[in-house]
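Peer 1: let's see this in three dimensions:
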Amino acid sequence: MGDTDIICERCGKSTTIKAEEGKLCLDCWREVRKENRLVKQQDSLNKCFSYKSKSLVTPKEAEIINDIMCELEKRSSN
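Peer 2: Numbers count the residues shown, from 1 in each chain. Have a look, this model is predicted:
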């Protein structure tokens, strides 16, 4: 697979990539990947809380746990 020169669709920078159908520079690709991962984690967490809130966890407790998990995620990504 050869290098390809593209203009990043997200930031507009000119860059060289190795992906055949790539449209993002490496930095933007990493950011999009990270954002998608966080969305998936949040969806999974919300499903867990919706299950738990029916019998074991109150909505306020679920909110507190969610805030804590988000803070831990921020710290681990730094």
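Peer 1: what's the longest helix in this structure?
Peer 2: Identified as the longest helix of the chain according to DSSP state H is helix 26-52.
Peer 1: any idea which helix or strand comes after that one?
Peer 2: For helix 26-52, the following helix or strand on the C-terminal side (DSSP states H and E) is helix 59-77.
Peer 1: quick one: the longest helix of the chain to chain centroid distance?
Peer 2: How far helix 26-52 lies from its chain's middle: 4 Å, per CA atoms, centre = their mean, to the nearest Å.
Peer 1: give the buried residues for that helix.
Peer 2: 28, 29, 45, 49 (16 or more other CB atoms under 10 Å). C-beta: built from backbone N, CA, C; applies to glycine.
Peer 1: okay, now the closest residue in space to residue 14 that isn't next to it in sequence: neighbour count?
Peer 2: Leaving out its chain neighbours, the residue that sits closest to residue 14 by CB to CB, 6 or more residues apart in numbering is residue 7, at 5.6 Å. Residues near residue 7, counting by other CB atoms under 10 Å, number 11.
Peer 1: returning to what we had before: what packs against the longest helix of the chain?
Peer 2: Using 3 or more CB pairs under 8 Å, 6 or more residues apart in numbering; DSSP states H and E, the elements in contact with helix 26-52 are helix 59-77.
Peer 1: send me the helix it packs on as PDB with only the CA atoms.
Peer 2: The C-alpha trace of helix 59-77 is given here as PDB (Å, rounded to 0.1, in the frame of the first residue of the first chain):
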ATOM      1  CA  PRO A  59     -31.500   7.900  39.200                       C
ATOM      2  CA  LYS A  60     -29.500  10.200  41.500                       C
ATOM      3  CA  GLU A  61     -27.000   7.400  42.200                       C
ATOM      4  CA  ALA A  62     -26.800   6.500  38.500                       C
ATOM      5  CA  GLU A  63     -26.000  10.200  37.800                       C
ATOM      6  CA  ILE A  64     -23.300  10.300  40.400                       C
ATOM      7  CA  ILE A  65     -21.700   7.100  39.200                       C
ATOM      8  CA  ASN A  66     -21.900   8.400  35.600                       C
ATOM      9  CA  ASP A  67     -20.100  11.600  36.600                       C
ATOM     10  CA  ILE A  68     -17.400   9.600  38.400                       C
ATOM     11  CA  MET A  69     -16.900   7.400  35.400                       C
ATOM     12  CA  CYS A  70     -16.600  10.400  33.100                       C
ATOM     13  CA  GLU A  71     -14.100  12.000  35.300                       C
ATOM     14  CA  LEU A  72     -12.000   8.800  35.500                       C
ATOM     15  CA  GLU A  73     -12.100   8.500  31.700                       C
ATOM     16  CA  LYS A  74     -10.900  12.100  31.400                       C
ATOM     17  CA  ARG A  75      -8.000  11.500  33.800                       C
ATOM     18  CA  SER A  76      -7.000   8.200  32.000                       C
ATOM     19  CA  SER A  77      -6.900   9.900  28.600                       C
END
